[in-house]
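Visitor: predicted model and sequence follow; I will ask about them next.
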Amino acid sequence: MFRSPAVLVAGVVLTWFIAAFLVWPNANVLIQTFFPDGNFSGRAAEKLFSSPRAMKSLGNSFLLAVALSITVNVVGIFIVLVTQYFRIRGSRILFLGYATTFIYGGIVLAAGYKFIYGDKGIVTGFLVGLFPGMDPGWFSGFFAVLAVMTFATTTNHMLFLTNALKGVDYQTIEAARNMGASTWTILRRIVLPMLKPTLFAVTVLSFLTGLGALSAPQVLGGRDFQTITPMILTFSNSPTSRDLAALLAVILGVATILMLAGMTRLEKGGTYFSVSKVSAGLQKQQIRNPVANAAVHIAAYLLFAIYTLPVVLIVLYSFADGAAIQTGRLSPGALTLDNYVRVLTQPSGLRPFIISIVYSALAALIAVGGLLFVARLLQKHRNWVTSAVEYLLHIPWILPSALLALGLILSYDHPNPLVGGAVLTGTTVILLIAFVTVKIPFTLRMLKASFASVNSSLEEAAGIMGAKTLYVFRRILLPIVLPAAAAITALNFNSMLDDYDTAIFLAHPLFQPLGLVIKANTDGAEGVDGVSNTFVYTVLLMVITGVTMYLVYGRAGRKKSKPAAAGGISKDNPPPALVEAAPAESVRVP
């Protein structure tokens, strides 16, 4: 392994990158928090406990995390059952409605809900006209944040729980029915227990999403409901309170690690499987009780309306003039293409879009290009060195983005020998580094899966003929995995276009990406033109996301039955792990 010069060079570069941007920034947060002057100090903890604002945000974060774990499971299980398990009329249409959060999320989704349901929102204006005594600010605070994040994060259930449900053996359901079990008993005693491992996983994701929420509390939380991450952002802007921001980030990171460890241990405590030797495909079940059947249909279509209304209104109002947006009254005469012309032709509207495209494209290319050779080495050589490297590369999956961003700020706001004595904080480079860093775990996992799908006899034959390691990689392996690498690049590009959680900490003041501009528009910074620009940005992002997901998943799903070229991977047949696991990375939540 270490005899090849290419491996040695890759090892040196990788060791430097891990030390400079994964290990040291996070270790430095701990040092700055507990050893600010070289000696242990509990001053940050004292400041935290003496700050009612910080303690309240801490409590709000855990409250949101627990509540979100419950509400997301309730709604997520329900939409999966009505689209995949029960025989519901129009289930395919319902699925399309519930899947709208696949194509927009994060700050875009939070801003969309505020424009629709906020104090000056379209729906709120309509309701106030019907009920003059109604409070225009009804959609704010804990309720608004919980509602928006609940509907945003059910995508995890649609991805993972749907696949798990399809694996349930229908013969066990038939056997239970023949023994007199009711529909409810079968669901409660047979189906749901088999889904427990997946439910554990999505519960962890929901809890961690609520714990580290940023955009939804900032946009919809108001003054009365703020969480940890917005407080970290606020405190990090002042040098005198950065130790408090660091301590909050450490608490967030420790809570994340403990939650992952606890749920992993709990999941290992049970075994859930089907006992049938020959499994049968799941068939949809009829709800025999007419009252229950009607109630489920009503609830399903009510949720469909909640999911689709923001998307429909955003698309419609992206074509509306300023008067229609201000009054909330849309008519055929108010429809125009001026908003799209302004965004796509004027520098003020096009600039943030171009900045986001450049950042996303560079980060996606660097992440995939930099890990192609590394992923092959880690997949081929299994020893304690490669295992340690792989664990270190997964640090961004373990720790929240706020902790990673704060670590970069604290570590590189002064000349640092790890980067040649340069100062990175406040430059355009630091955000690019952060984008690349947070995409490393997903990219590494998918590339390893791609290389694992390659027929090993090809490399063995080349080695027998005397080909060197780098030559085999360049001429044989790379052309085979290139289609999968291109798909991973597209997914990474897509997920960073509207990034807000990382950009808000690290973006250069003169080069504001799209997420920050959308957030400013939700605060009314640009007036009516800003609101209409946000509608246009949202539609463009949904189109880009939809096209990307179709190219990566839709075509692969249509042609996955075709035989793959050399070793199991072809242009239209990416590795199974990419098709099944990659969508999770494209999901953006507030």
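Guide: Right, received. Where do you want to start?

Visitor: check the gap between the closest residue to residue 139 other than its chain neighbours and residue 110 for me.
Guide: Distances taken as CB to CB, 6 or more residues apart in numbering place residue 117 nearest to residue 139, at 4.0 Å, with adjacent residues excluded. For the C-beta atoms, the positions are set from N, CA and C on the backbone; glycine is no exception. Residue 117 sits 11 Å away from residue 110 when distances are taken as CB to CB, to the nearest Å.

Visitor: number of nearby residues for residue 322?
Guide: Neighbour count of residue 322, defined by other CB atoms under 10 Å: 16.

Visitor: I should have written residue 451 there, sorry.
Guide: Neighbouring residues of residue 451 were enumerated by other CB under 10 Å; the total is 24.

Visitor: what helix or strand is the closest residue to it other than its chain neighbours located in?
Guide: Once its chain neighbours are removed from consideration, residue 451 has its nearest residue in residue 379; the separation is 4.6 Å (CB to CB, 6+ apart). Assigned by DSSP states H and E, residue 379 falls within helix 347-380.

Visitor: circling back to that earlier point, contacting residues for the residue nearest to residue 451?
Guide: With CB atoms under 8 Å, 6 or more residues apart in numbering as the criterion, the residues that contact residue 379 are 448, 451-452.

Visitor: between those, which is nearest residue 372?
Guide: Nearest to residue 372 among those, counting by CB to CB, is residue 451 at 9.0 Å.

Visitor: thought that closest one was touching residue 376?
Guide: Yes. In this structure residue 451 lies within contact range of residue 376 using CB atoms under 8 Å: 5.2 Å.

Visitor: from the chain's centre, how far out does stretch 358-372 sit?
Guide: Relative to its chain's centre, stretch 358-372 lies at 18 Å (CA atoms, centre = their mean, to the nearest Å).

Visitor: export that stretch to CSV, keeping only CA atoms.
Guide: The C-alpha atoms that make up stretch 358-372 are tabulated as CSV, following Å, rounded to 0.1, in the frame of the first residue of the first chain:
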residue,chain,number,x,y,z
VAL,A,358,-19.8,29.0,-8.3
TYR,A,359,-19.5,28.0,-4.6
SER,A,360,-21.6,24.9,-5.1
ALA,A,361,-19.9,23.8,-8.3
LEU,A,362,-16.4,24.3,-6.9
ALA,A,363,-17.2,22.5,-3.6
ALA,A,364,-18.9,19.6,-5.4
LEU,A,365,-16.0,19.1,-7.8
ILE,A,366,-13.3,19.4,-5.1
ALA,A,367,-15.1,17.0,-2.8
VAL,A,368,-15.6,14.3,-5.4
GLY,A,369,-12.3,14.9,-7.2
GLY,A,370,-10.3,14.9,-4.0
LEU,A,371,-11.9,11.7,-2.7
LEU,A,372,-11.9,9.6,-5.8
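
Visitor: now it: average pLDDT?
Guide: If you average the pLDDT over stretch 358-372, you get 93.

Visitor: list the contacts of that stretch.
Guide: Contact partners of stretch 358-372, identified using CB under 8 Å, 6+ apart, comprise 431-432, 435-436, 439-440, 443-444, 447, 478, 481, 485, 488-490, 492-494, 496-497, 499, 513.

Visitor: out of the contacts of residue 379, which are inside helices?
Guide: Cross-referencing these with the helices (criterion: DSSP state H) gives 448, 451-452 as the overlap.

Visitor: residue contacts, residue 148?
Guide: With contacts defined as CB under 8 Å, 6+ apart, the neighbours of residue 148 are 109-110, 113, 216, 220, 590.

Visitor: do a quick rundown of the helices in the stretch 451-590 of the chain.
Guide: Defined through DSSP state H, counting those that start in this stretch, the helices belonging to the stretch 451-590 of the chain, from first to last, are 456-464, 469-472, 478-496, 503-506, 514-522, 527-549, 555-559, 576-581, 583-586.
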